[in-house]
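Engineer: Show me the folded form of this:
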Amino acid sequence: MTLDMLETVPYSPTRARRAEAAAVAPELAMMDSAPCAKLKLDELLFTFLAQPTTQALVETLVREYEAGHELPELATAALASPVLSSPRRFFNKSPHSPQMAQSPPRSPRSPRALNFLSPRSPGSPSLTGITSNAIGAFGPSSPATPRTRAKSLAKTLASVASPTLASGRAESKDGELVIPRFYNEEPEIDPVQHAVFEKELARFFDPYEEDGGVPFNEFVVVCRELCGFPAFFSGPLFRRVRLLWDRKDEAKMKSTVKESKEEKHLADVDEESLRVTKAQFRYYFETELEPFDEDDRFFRLVKQPDAQVVVPGDFATFLDELLAIHSGLEFLENTPEFQEKYARTVIARILYEVNTALDGKITRRELRRSDLLAVCHQVDEEDDINAVLRYFSYEHFYTLYVKFYELDTDRDFLLSPEDLMRHGGHSLTPAIVERIFQQPVHKFFSGVPGRMGYEDFVFFFLAEEDKTNAVSLRYWFKCVDLDGDGVIRLRELRHFYDQQLTRLQMFGHEIISFADIVCQAHDFVHPVNESALVLSDFTKPSVTQLSGMLFNILFNLNKFIAFEQRDPYYVRQLHENPHLTEWDRYAAIEYARLASAEEEREMEEASWSGADKYDGSSWLQFNDNSY
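Structural biologist: Okay, here's the model as predicted:
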């Protein structure tokens, strides 16, 4: 019996069997409430079933059963029992046991991988159809304590066909038999792949051996072809290779004084004169690339060597390199002030999408769950930077920056509540503006009390113009949740809608009662509890396209009226470009409008000054130098 045969095991048991199982094993009832934990347990189960010893045991039991021989009591009872066994029975040990101490933390899934395996787990196949039924063949059919189940299972494995336990490698502590760990804590290095790397290393570095290594200007080939990184990673990669090699040498010398002197010296050296040798790159590859998968390599390259998280400043060198080499950004070469603003916008958008905590610290888990690395590869392949809608689009930056510039009348690069009230033609109510400046979602990056900085405005504007994704829904949910208890109640809805109702009356619009608003909220969200809305009600895939409209009803008058009137042109746009987000559509329309207005203004200026032709310069270049 092989793993392929286990694919016939049904994934979801019937309600009756689940109820019966829950009566015996109450922990089964908790599995649905923790899907991520279940995936990790399934992963460990798949790995366990992939072991040769486990397969040998299963095959032995099958042969014994087919031959009519009596099976061990535990296996016989399990095979005859319809009760499902939870994978937790294998791991439900005391937290003080050696097995629990050796268990690794749950590893997040790669956004591009279809399997559930951690990069540090053995590469067993992804069998999504296998469930805890497979474990049920070895689980008890009657209630038992976790300690008893673990002992019984270990004895069965040892008595039937487990060479691991039979060889005496099982450990015993306090009279309890502990099954040896069946996964490798350290990643295994494939000797074949390593040999291929050595050949490629020689191919790239041997031509430069007499020159002392690959120079900075030609390192991009190594970055793309040998490391698999985008071209604009070459500069940061070059510096990181040299930095880790220097640290290695300095660690041997154990001289902190010499370290500080050398770092100061290297900072004064022209990078174009530096080189990376074969030995230096081999050391970096063996420590930072070979043991890790693509996402971890990216994370370790972006963060500082001694840090555990990525901070906004870590992206600066990557964006400097992008601005220097990407053909779609060449027109910014002579405007360094706008290069800085573009870089700040890209970093803010990355934080908004990737950093779910919005605390300015991107963790390894957050980065692995994002599409940032895939988008970086797309940037490397596209000549038109505006074709990359995620994070890097210059048109999106232009729209964000102009909107901020229009509100910042005193040109201090900060917004006050009064400035934000002018957004969208005074479309927001004072209550929501006041709530935003209370910073319920995240602490403002501006560092100035009562003032919103540019990055904070980017967060606000992205959330305001696209309320159809989990990030923006979380943003506005926290704003409406006045007491911060994770639940929006009727009194909180009324707090915001009272001002909206007053504005409807002032402008002569049809009055909609609060009771009708509550009914609309239920139609949009379909909450589990009609008197209390939670974030998961808004972020269900079936309602995300409409659930954000509730927030427009509460505090955005213009969008509320637009929704009530149902513009047919906008509805047609939705059907024509279903792959675009609300923000993508808004930015495209707004950029076209702003660009057209700019061209008309500059043509008028040219006619006033008697100029013969329009030189194509941007109006932004003629404004305050602080921008």
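
Engineer: For the helix or strand harbouring residue 398, name the packing helices and strands.
Structural biologist: If you go by DSSP states H and E, residue 398 is part of helix 394-407. Judged by 3 or more CB pairs under 8 Å, 6 or more residues apart in numbering; DSSP states H and E, helix 394-407 is in contact with helix 336-354, helix 454-465, helix 582-609. All C-beta spots, glycine's among them, are computed from the backbone N, C-alpha and C.

Engineer: Pull out the buried residues from the longest one.
Structural biologist: Judged by neighbour count using 16 or more other CB atoms under 10 Å, the buried positions of helix 582-609 are 582-588, 590-591, 594, 602.

Engineer: Helix 336-354 and that one, what's the angle between them?
Structural biologist: 170 degrees (axes from the mean of the first three to the mean of the last three CA atoms, to 10 degrees).

Engineer: Now do helix 582-609 against helix 394-407, angle only.
Structural biologist: 70 degrees.

Engineer: Begin at 31 from now on, thanks
Structural biologist: New numbering, starting at 31: the last item is helix 612-639.

Engineer: Helix 612-639 vs helix 484-495, what angle?
Structural biologist: 120 degrees.

Engineer: What mean pLDDT does helix 612-639 get?
Structural biologist: Computed over helix 612-639, the mean pLDDT rounds to 86.

Engineer: helices or strands up against it?
Structural biologist: Helix 612-639 packs on helix 424-437, helix 484-495, going by 3+ CB pairs under 8 Å, 6+ apart.

Engineer: Do a quick rundown of the strands in the stretch 281-430 of the chain.
Structural biologist: With DSSP state E, counting those that start in this stretch, the ranges of strands along the stretch 281-430 of the chain come out as 305-306.

Engineer: Okay, now the unreliable bits of it?
Structural biologist: 281-300 (pLDDT under 70).

Engineer: Same question for the chain.
Structural biologist: 31-66, 101-218, 280-300, 597-606, 639-657.

Engineer: Need the distance between the two termini of stretch 76-87.
Structural biologist: One end of stretch 76-87 sits 15 Å from the other (CA to CA, to the nearest Å).

Engineer: quick one on the thing from earlier: how about the helices and strands packed on helix 424-437 in TSV, adding distance to residue 504?
Structural biologist: TSV is the format used below for these (distance: least, CB to CB, whole Å):
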stretch	distance to residue 504
helix 366-384	11
helix 484-495	9
helix 612-639	15
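
Engineer: Now do the following helix or strand past the helix holding residue 428: which elements does it pack against?
Structural biologist: In the C-terminal direction, the helix or strand that comes right after helix 424-437 (DSSP H and E) is helix 447-451. Secondary-structure packing of helix 447-451 (3+ CB pairs under 8 Å, 6+ apart): helix 460-467.

Engineer: And the helix it packs on, what's buried?
Structural biologist: In helix 460-467, residues buried by neighbour count (16+ other CB under 10 Å) are 461-463, 465-467.

Engineer: what's the angle from that helix to helix 484-495?
Structural biologist: 140 degrees.

Engineer: What helices and strands are in contact with helix 460-467?
Structural biologist: helix 447-451, helix 500-510, helix 520-536, helix 579-585.

Engineer: Dump the first one to CSV, keeping only the CA atoms.
Structural biologist: This means helix 447-451. Output in CSV follows, covering the C-alpha atoms of helix 447-451 (Å, rounded to 0.1, in the frame of the first residue of the first chain):
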residue,chain,number,x,y,z
PRO,A,447,-7.8,67.3,10.3
GLU,A,448,-8.9,70.5,8.5
ASP,A,449,-6.8,69.6,5.5
LEU,A,450,-8.2,66.1,5.3
MET,A,451,-11.8,67.4,5.5
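
Engineer: can you list contacts of it?
Structural biologist: 437-439, 458, 460, 463-464, 466-467, 480, 482, 490 (CB atoms under 8 Å, 6 or more residues apart in numbering).

Engineer: got the contact list for the spatially closest residue to residue 310 that is not a sequence neighbour?
Structural biologist: Spatial nearest neighbour of residue 310, chain neighbours left out: residue 275 (4.4 Å); criterion: CB to CB, 6 or more residues apart in numbering. Residue 275 makes contacts with 309-310, 313-314, as judged by CB under 8 Å, 6+ apart.

Engineer: of those, closest to residue 253?
Structural biologist: residue 314 (11.7 Å; CB to CB).

Engineer: residues near that closest one, how many?
Structural biologist: Number of residues near residue 314 (other CB atoms under 10 Å) recorded here: 22.

Engineer: what's the answer for residue 537, then?
Structural biologist: 9.

Engineer: Now do the same contact list for the nearest residue to it once chain neighbours are set aside.
Structural biologist: Leaving out its chain neighbours, the residue that sits closest to residue 537 by CB to CB, 6+ apart is residue 587, at 7.6 Å. Counting by CB under 8 Å, 6+ apart, residue 587 makes contact with 457-459, 530, 533-534, 537.

Engineer: about what we covered before: please identify the buried residues of the helix holding residue 428?
Structural biologist: Buried-residue list, helix 424-437, by 16+ other CB under 10 Å: 424-435, 437.

Engineer: again with stretch 532-548
Structural biologist: 533-534, 542, 547-548.

Engineer: Just send these back as JSON lines, with distance to residue 89 too.
Structural biologist: Shown next, in JSON lines, are the buried residues of stretch 532-548 (distance: CB to CB, whole Å):
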{"residue": "533", "distance to residue 89": "74"}
{"residue": "534", "distance to residue 89": "73"}
{"residue": "542", "distance to residue 89": "69"}
{"residue": "547", "distance to residue 89": "64"}
{"residue": "548", "distance to residue 89": "62"}
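
Engineer: Closest to residue 405 out of those residues?
Structural biologist: For the buried residues of stretch 532-548, the nearest to residue 405 is residue 547 (38.4 Å; CB to CB).

Engineer: contacts for the host helix or strand of the closest one?
Structural biologist: Secondary structure from DSSP H and E places residue 547 in helix 544-555. Residues from elsewhere that reach helix 544-555, judged by CB under 8 Å, 6+ apart: 520, 523-524, 527, 531, 557, 560, 563, 567-568, 573, 576-577, 579-580, 583-584.

Engineer: 7 Å instead, please
Structural biologist: Helix 544-555 is contacted by residues 520, 523-524, 527, 560, 563, 567-568, 573, 576-577, 579-580, 583 when judged by CB atoms under 7 Å, 6 or more residues apart in numbering.

Engineer: Ok, stretch 389-400 next?
Structural biologist: With CB under 7 Å, 6+ apart as the criterion, stretch 389-400 contacts 138, 140-141, 325, 329, 339-342, 381, 383-386, 472, 475.

Engineer: Filter those residues down to the ones in helices?
Structural biologist: Among the contacts of stretch 389-400, the ones falling in helices (DSSP state H) are 325, 329, 381, 383-384.

Engineer: Out of the contacts of residue 275, grab the one that's most surrounded.
Structural biologist: For the contacts of residue 275, neighbours tallied by other CB under 10 Å; top is residue 314, 22 neighbours.

Engineer: Was I right to think that residue contacts residue 272?
Structural biologist: No - using CB atoms under 7 Å, residue 314 is not in contact with residue 272, being 9.0 Å away.

Engineer: Filter the contacts of stretch 389-400 down to the buried ones, PyMOL style.
Structural biologist: If you want just the buried ones from the contacts of stretch 389-400 in PyMOL, going by 16+ other CB under 10 Å, the selection is:
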select buried, resi 138+140+325+329+339+340+341+342+381+383+384+385+386+472+475
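
Engineer: Among the contacts of stretch 389-400, which one lies nearest to residue 498?
Structural biologist: Once CB to CB is applied, the member of the contacts of stretch 389-400 that ends up nearest residue 498 is residue 383, at 13.9 Å.

Engineer: how much space between the closest one and residue 451?
Structural biologist: 27 Å (CB to CB, to the nearest Å).

Engineer: ok, now residue 354?
Structural biologist: From residue 354 to residue 451 the distance is 40 Å (CB to CB).

Engineer: Great, nothing more from me.
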